[in-house]
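**Student:** 3D, please:
(3 chains)
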Amino acid sequence: MDATLNDAQREAVNTLTGPLLVLAGAGSGKTRVVTVRIAKLIDTGVVPSRILAMTFTNKAANEMQHRIGSMISTQRENQPQISTFHSLCVRILRRQIHHLGYPSNFTILDASDQNSICRKVLREIRVSDASLKPRDLLYQIGQWKSQGISPQLATRSAVTDRDHLAAVAFRRYQDELVRCGTVDFDDLLLLTNALFRDFPEVRENEAARFDHVLVDEYQDTNDIQYNIVKALSDSHRNLCVVGDDDQSIYGFRGSDVRHILNFSRDWTGAKTVRLEANYRSTEAILEVSNRLIRFNSNRHEKVLKAARRGGQKPRIEQFGDEEHESKQVITSIRRDLQANGRQPRDIAILFRTNEQPRLFETELRKHDIPYVLLGSHSFYDRKEIKDLVAYLRVIHHADDEPSMRRIINNPPRGISANTVSQLVEIATQQGVSLWHVMLDNEALQILKVPPRMCIRKFIETIHSQQQAFNQSLDISTFHAFLSAIEYKKEVVRSSEDESETEQRWASVEEMANVFGSYLSRKKNPTLEGFLEEIALAETDFDDDKDNQLERNAVALLTLHASKGLEFPVVYMVGLEEGLLPHARAVAAEGPAIDEERRLAYVGVTRAQDELTLSLSLTRRKWGRIQEQNPSRFLFEMIGQADNPHEAADSREAETTNS
DNA sequence: CAAAGCCGTTTTTTT
DNA sequence: AACGGCTTTG
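**Tutor:** Reported below is the predicted structural model:
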């Protein structure tokens, strides 16, 4: 099976025990190496289910599952455990979280819930002005959590007033989560880490499940994930990590390149294998990529060698405004499709921010070119879906306060915002959940009679739905639920016209389909399981069966979402200062720019045959037209910038005028 | 208590 | 430009 592997790949595949670092450059056949290595392990007699492979995204996990499934055949119960960090932690926590005093039916908060809790907390400590915005607080909390910093520690190490405020808010935020019996994404990792730290027997139990651990995209680990990996691998030391420090692009959520840079120091006797042959891109594309990434300091020096010689030079195209950019890119795509015999699925448009694809979408639609907008959570952003998910969460776990507040008077049932805030105040004072107060007859005495009756009626509804969802689930459970909350009526009532009703109701039906698909996939479907899939986005709900990429459509995706993918034809758009590198990174300078450069590097290395880089000299922002400058990365790529990390050499002959 | 209108803010990337 | 929160009005 390894006849077609090169020497380095073969070495990585054959090193089956002990710590192993595989530095895999872009397009070096990493996925193949990983799967062949797992197959080898099983060949040599390792019990499949005792192999744990960790990934960061569900996409990566699914793909690995798929590839391994087609390579080896084992029984259902005895398969390699392929899991994202988050879902692994959820499984551990459901079993063990009672040690930490949390309910095991905790629900997982999504970003908008986190945001509203931040807002509430800031209002409570009267920081509603500009000094600390909910979004900034959330970001700061994320940073702290990914480094394992507790509210206490944050308070102690606070220097500025702003730090202090944020630390206080952080404490209250955390209290809020406990009060509502919820955890956020970072908590999943953090609490698992705390369990391992404070309860050695739990750690030993969980670690004893596996003999081999593999971590993909290791450059993206943050401190907590690093600890978890260590806790699970310390005893057997059969840890294989695979990654590319040049593709570390998740610093904003705490990833730290140092973990991959220091691997051999952390694990004595660790072997390092470099995969430097690139089978994906043509020489011409790789030349540009290599030149770009060499501008970064602090990296494992490696130079990708192209297995595919020659190729077309990447094109750079400059436009007057973003409308021309999108028009021309789509014109060019049409040419690819008509004259050059490309399929839509061969083509990708990559961009930095989520506001960029809009124009490209309208152009594609105008010309009837099929496309998919990848990685956007648009399905869950729809109001109807959010409402229904909130209902289901409340039915599963009524203490989930963000969800409760969302639905308590939606559809309107006579429980006013005023009523709710009175109750929430009591709840916060007593340190219990809103639901707890609603059930407390004495507390309800402060309300007038009509709202009190409305609340009683609402409680009835929730109770009866709780019963319904506790029995064996089928699709009629969901439909009965819809009619119980009279959601159709609400959609009709709040729509402007018939077509809007239709559109919105279609979302509701889609939700029913998602539920139905969950029911048919699982042996023992539960509401909890369903909500978990949704929270972790474990399945692609937009297109239930086939992977979206398999549809024959042009792919639109962010640079971040593009990692791990490849396309024959790539259009990277918006290569402008302020966009790539992003304005925030420009303001922060230093390492932030390096990360943006890695992001650009990830983008250009997605292209197999053709790469087009485009930019627009003006761009509309918040209704105003702004002048844009070409990205510094463009100059670096074409050799028109001086590289401080290289001796001044042959480039001196070149001129820098345009 | 619900609906309409006003004002201010906003987006970097994701599990 | 667009959305969401807040205030005023019915």
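
**Student:** Spell out the secondary structure type for A:Arg406.
**Tutor:** helix (DSSP: H, G, I helix; E, B strand; the rest coil).

**Student:** For DNA strand C, see how far away it is.
**Tutor:** According to CB to the nearest atom of the strand, to the nearest Å, A:Arg406 and DNA strand C sit 10 Å apart. Every residue, glycine included, has its C-beta placed from N, CA and C.

**Student:** Next one: the nearest residue to that residue once chain neighbours are set aside from A:Leu165, what distance?
**Tutor:** Of all residues not flanking A:Arg406 in the chain, A:Ala390 sits nearest, at 4.3 Å (CB to CB, 6 or more residues apart in numbering). As defined by CB to CB, to the nearest Å, A:Ala390 lies at a distance of 30 Å from A:Leu165.

**Student:** out of those two, which sits in the busier spot?
**Tutor:** Ranked by neighbour count (other CB atoms under 10 Å), A:Ala390 and A:Leu165 place A:Ala390 first, with 21 against 18.

**Student:** mind checking how far that one is from A:Glu532?
**Tutor:** The value you get for A:Ala390 to A:Glu532, if CB to CB is used, is 15 Å.

**Student:** who's in contact with whichever strand in chain A runs longest?
**Tutor:** Counting by DSSP state E, the longest strand found in chain A is strand A:607-616. Outside strand A:607-616, the residues that touch it by CB atoms under 8 Å, 6 or more residues apart in numbering are A:280-282, A:285, A:288, A:311-312, A:314-322, A:324-325, A:328-329, A:332, A:336, A:566-576, A:604, A:628, A:630-631, A:634, A:637.

**Student:** From those, list the buried ones, please.
**Tutor:** A:280-282, A:285, A:288, A:311, A:314, A:316-319, A:321-322, A:324-325, A:328-329, A:332, A:336, A:566-576, A:604, A:628, A:630-631, A:634, A:637 (16 or more other CB atoms under 10 Å).

**Student:** which residues of chain A score low on pLDDT?
**Tutor:** Scanning chain A for pLDDT under 70 picks out A:1-3, A:126-131, A:375-378, A:538-550, A:647-658.

**Student:** ok so, going back, sheet partners, orientation included, of the longest strand of chain A?
**Tutor:** strand A:315-319 (parallel), strand A:567-572 (parallel) (DSSP bridges).

**Student:** Name the next helix or strand following the shortest one along the chain.
**Tutor:** Spelled out, it's strand A:315-319. helix A:322-338 (DSSP states H and E).

**Student:** from the chain's centre, how far out does that following helix sit?
**Tutor:** Offset of helix A:322-338 from its chain centre (CA atoms, centre = their mean, to the nearest Å): 29 Å.

**Student:** cool, and stretch A:331-350?
**Tutor:** 28 Å.

**Student:** what residues does the stretch 51-200 of chain A put near DNA strand B?
**Tutor:** A:56-59, A:84-86, A:111, A:130, A:133, A:135, A:139, A:185-186 (CB under 7 Å from any atom of the strand).

**Student:** at 10 Å instead, please
**Tutor:** Contact residues (CB under 10 Å from any atom of the strand) of the stretch 51-200 of chain A with DNA strand B: A:55-61, A:84-87, A:89-90, A:108-111, A:114-115, A:129-130, A:133-136, A:138-139, A:142-143, A:145-146, A:184-186, A:188-189.

**Student:** again, but for the stretch 401-550 of chain A
**Tutor:** Residues of the stretch 401-550 of chain A lying close to DNA strand B by CB under 10 Å from any atom of the strand are A:409-420, A:422, A:447-448, A:450-452, A:454-455, A:490, A:493-494, A:496, A:535-538.

**Student:** I'd like to know which of those residues are buried.
**Tutor:** Buried, going by 16+ other CB under 10 Å: A:409-410, A:413, A:415, A:419-420, A:422, A:447, A:451-452, A:454-455, A:490, A:535-538, out of these.

**Student:** And stretch A:170-177, what's buried?
**Tutor:** For stretch A:170-177, burial by neighbour count (16+ other CB under 10 Å) applies to A:170-174, A:176-177.

**Student:** what does stretch A:334-353 give?
**Tutor:** Buried residues in stretch A:334-353 (16+ other CB under 10 Å): A:336-337, A:342, A:344-352.

**Student:** ditto for stretch A:116-125
**Tutor:** Those buried within stretch A:116-125 under the rule 16+ other CB under 10 Å are A:117-122.

**Student:** Kindly report the same for stretch A:282-297.
**Tutor:** A:282, A:284-296.

**Student:** got the CA positions of that stretch in PDB?
**Tutor:** Extracted in PDB, the C-alpha atoms of stretch A:282-297 (Å, rounded to 0.1, in the frame of the first residue of the first chain):
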ATOM      1  CA  THR A 282       2.400  23.800 -10.200                       C
ATOM      2  CA  GLU A 283       5.900  25.100  -9.800                       C
ATOM      3  CA  ALA A 284       4.800  28.600 -10.800                       C
ATOM      4  CA  ILE A 285       2.200  28.800  -8.100                       C
ATOM      5  CA  LEU A 286       4.600  27.300  -5.500                       C
ATOM      6  CA  GLU A 287       7.300  29.700  -6.300                       C
ATOM      7  CA  VAL A 288       5.100  32.600  -5.400                       C
ATOM      8  CA  SER A 289       3.900  30.900  -2.200                       C
ATOM      9  CA  ASN A 290       7.400  30.100  -1.100                       C
ATOM     10  CA  ARG A 291       8.500  33.600  -1.700                       C
ATOM     11  CA  LEU A 292       5.700  35.000   0.300                       C
ATOM     12  CA  ILE A 293       6.000  32.800   3.400                       C
ATOM     13  CA  ARG A 294       9.800  33.500   3.700                       C
ATOM     14  CA  PHE A 295       8.900  36.900   4.900                       C
ATOM     15  CA  ASN A 296       7.800  35.400   8.100                       C
ATOM     16  CA  SER A 297      10.100  35.100  11.000                       C
END
